[in-house]
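Student: give the three-dimensional model of this entry:
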Amino acid sequence: MVVQHGLVIAQWGDTSRKSELYSARKSFMSALVGIAVEKGEIHLDETLAELGIDDKEPSLTPTEKQATVRELLEARSGVYHPTVYETASMEQAKPPRGSHGPGEFWYYNNWDFNSIGVIYEKATGQRIFDALETQIAIPIGMQDYRPSDGYYVSGGRATQYPAYPIRMSARDLARFALLFLHNGRWRDQQIVPSSWVTASTHSYSDTPTGGYGYMWWTSTPANGPRGPAATLLRETFWADGHLGQYAVVVPSLDLVVVTRVDAKLTKKQMGQQKMEKLVLLVEAAEGASDDNFP
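Tutor: Modelled structure (predicted):
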């Protein structure tokens, strides 16, 4: 789906079909945390020790327990405990336990993201999937999402913090992206604090193609010039999921681009380079009129 100025200007495929978000779920979790922070239910600088967070043997060290909620959101906790719902490449890239202290190093870490889910549920008294319905889905008019579209993946013997996958349609994902394009506001209601939208889509770490915020990817690095793999022309941020689940926001063009890949229907994938090429093609078409075509 391509949405500009709040209007769907292109769509193809079954945009109402629900499929796995994979890691795009994390941007939803970030939004829920932002709402809880505004209510005073979660405090970003609380440490794991203060929250009573530990894990299965080998349990967390005193140093690891000094990681904060903010560092979990940034994927900078330094906690490299076994976790669940990781790809093979994520497992291979994981640093050794104790190799980096809290806040010192960015690593895209499912332990951080999964533990945030448990911290959220304990702090608010709500299941993630119920909160997503009442605090985001209903207020912005999602058409397909139900709490039953979310489920937990247990960590078994590895960890006590489950993953929380979510199934969602392309049109509902587009509404979520529009919410962030509009600084957390939907019509006359502020759903996610505007300050949180700004903070969560700001880059705190460098990545090969830009940066990373609070469970959102960005085209802008935290420090220095963009890397050689960066291709997007304008400041952009996006939710990103395995196989090709993207919700891309280009604020300067008032633009949202959503792509979905359903593993039940195809073995094809859409990597980030293809996503960026699609966004660049959409950007190049901006402002074009029928007069430009025969």
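Student: CA atoms for contacts and neighbours, from now on please.
Tutor: Will do.
Student: now the helices for the stretch 51-200 of the chain?
Tutor: Here the stretch 51-200 of the chain has its helices, by DSSP state H, counting those that start in this stretch, at 69-73, 88-93, 110-124, 128-132, 170-181, 194-200.
Student: let's have the ones you listed in TSV, adding mean pLDDT and mean neighbour count.
Tutor: Output for the helices of the stretch 51-200 of the chain, formatted as TSV (pLDDT from 0 to 100; neighbours: other Cα atoms under 10 Å):
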stretch	mean pLDDT	mean neighbour count
helix 69-73	98	24
helix 88-93	91	11
helix 110-124	98	21
helix 128-132	98	19
helix 170-181	98	24
helix 194-200	98	17
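Student: go through the ones you listed and name the closest to residue 275.
Tutor: For the helices of the stretch 51-200 of the chain, the distance to residue 275 is smallest for helix 170-181, at 14.9 Å, taking Cα to Cα.
Student: what packs against the closest one?
Tutor: strand 245-250, strand 255-259 (3 or more Cα pairs under 8 Å, 6 or more residues apart in numbering; DSSP states H and E).
Student: picking up where we left off before, got TSV for the helices of the stretch 51-200 of the chain, with distance to residue 231 too?
Tutor: Converted to TSV, those look like this (distance: least, Cα to Cα, whole Å):
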stretch	distance to residue 231
helix 69-73	25
helix 88-93	23
helix 110-124	26
helix 128-132	33
helix 170-181	21
helix 194-200	22
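Student: so where's this structure shaky on pLDDT?
Tutor: For the chain, applying pLDDT under 70 flags the ranges 287-294.
Student: which residue ranges of it form strands?
Tutor: Counting by DSSP state E, the chain has strands at residues 2-4, 7-10, 19-20, 167-168, 185-186, 189-190, 205-207, 210-212, 217-218, 237-241, 245-250, 255-259.
Student: got CSV for those, with mean neighbour count and distance to residue 64 too?
Tutor: As requested, those are exported to CSV (neighbours: other Cα atoms under 10 Å; distance: least, Cα to Cα, whole Å):
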stretch, mean neighbour count, distance to residue 64
strand 2-4, 18, 42
strand 7-10, 12, 46
strand 19-20, 21, 31
strand 167-168, 22, 32
strand 185-186, 19, 36
strand 189-190, 12, 36
strand 205-207, 21, 19
strand 210-212, 26, 21
strand 217-218, 26, 25
strand 237-241, 24, 27
strand 245-250, 26, 31
strand 255-259, 25, 37
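Student: export those to JSON lines and append columns for distance to residue 282.
Tutor: Shown next, in JSON lines, are these (distance: least, Cα to Cα, whole Å):
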{"stretch": "strand 2-4", "distance to residue 282": "8"}
{"stretch": "strand 7-10", "distance to residue 282": "10"}
{"stretch": "strand 19-20", "distance to residue 282": "24"}
{"stretch": "strand 167-168", "distance to residue 282": "24"}
{"stretch": "strand 185-186", "distance to residue 282": "24"}
{"stretch": "strand 189-190", "distance to residue 282": "29"}
{"stretch": "strand 205-207", "distance to residue 282": "24"}
{"stretch": "strand 210-212", "distance to residue 282": "20"}
{"stretch": "strand 217-218", "distance to residue 282": "18"}
{"stretch": "strand 237-241", "distance to residue 282": "15"}
{"stretch": "strand 245-250", "distance to residue 282": "11"}
{"stretch": "strand 255-259", "distance to residue 282": "9"}
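Student: ok, which of those strands comes nearest residue 265?
Tutor: Closest to residue 265 of these is strand 19-20 (Cα to Cα; 9.9 Å).
Student: for the closest one, packing partners?
Tutor: Applying 3+ Cα pairs under 8 Å, 6+ apart, we find strand 19-20 packed against strand 167-168.
Student: so which elements touch the strand it packs on?
Tutor: Strand 167-168 is packed against strand 19-20, with contacts defined by 3+ Cα pairs under 8 Å, 6+ apart.
Student: parallel or antiparallel, list what pairs with the strand it packs on.
Tutor: Sheet partners assigned to strand 19-20 using DSSP bridges are listed as strand 167-168 (antiparallel).
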